[in-house]
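S.K.: next come a sequence and a model predicted from it.
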Amino acid sequence: ALELMKEMGYAVYVLGLLISCAESDCRQKNRAEINGRWADTPEKKWLVTMDHLTKMCDLTNSEKVLVYESTDVLNMRIVHTRGIAGLKDPADLAATIGHLKKDMSLKSAQEEGHAWCESMSLAGCYRLP
């Protein structure tokens, strides 16, 4: 599909928002309380997504790139940028993905001491202050 878009003359811009697998699970469970669709984030699916995002950020696949680490949505951090005027690339994409891999499950996140997703019940996951 990417090659077809490029052949048709589309400019490919990438906007990436990175979160850990465990954070994704917590957010999905919170949404499920509202929409009733219960899902999880399998480790394999998260790893494939990170691989695809990294490939999309490659110079041969996209013209402009902006990727944030968005665990804290009120304080997102730019980890990679290309082609965006006024923004310097911090070149932190691979290291950030590596760091987020540590939180592949709620249990691993708790073992790492991350408080953002410690309260999980039938009512969902809640970010602690």
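M.R.: Structure received. Numbers count the residues shown, from 1 in each chain.

S.K.: pLDDT weak spots in this protein?
M.R.: Along the chain, segments meeting pLDDT under 70 span 106-110, 112-129.

S.K.: and Trp46, what does it touch?
M.R.: Counting by CB atoms under 8 Å, 6 or more residues apart in numbering, Trp46 touches 20-21, 24, 104. The C-beta positions use only the backbone N, C-alpha and C, and glycine is treated the same way.

S.K.: element containing Glu23?
M.R.: helix 21-35 (DSSP states H and E).

S.K.: coming back round to it: ok, which pair from the contacts of Trp46 is furthest apart?
M.R.: Maximum pairwise distance among the contacts of Trp46 (CB to CB): 10.2 Å, between Ser24 and Met104.

S.K.: beta partners of the spatially most central residue of the chain?
M.R.: Centrality entry for the chain: nearest residue to the mean C-alpha point is Leu18, 2.1 Å, by CA atoms, centre = their mean. Here Leu18 sits in beta bridges with Glu69, going by DSSP bridges.

S.K.: surely it meets Ile97?
M.R.: Yes: under the contact definition of CB atoms under 8 Å, Leu18 touches Ile97, with a separation of 6.9 Å.

S.K.: find residues that contact each of these two.
M.R.: Met50.
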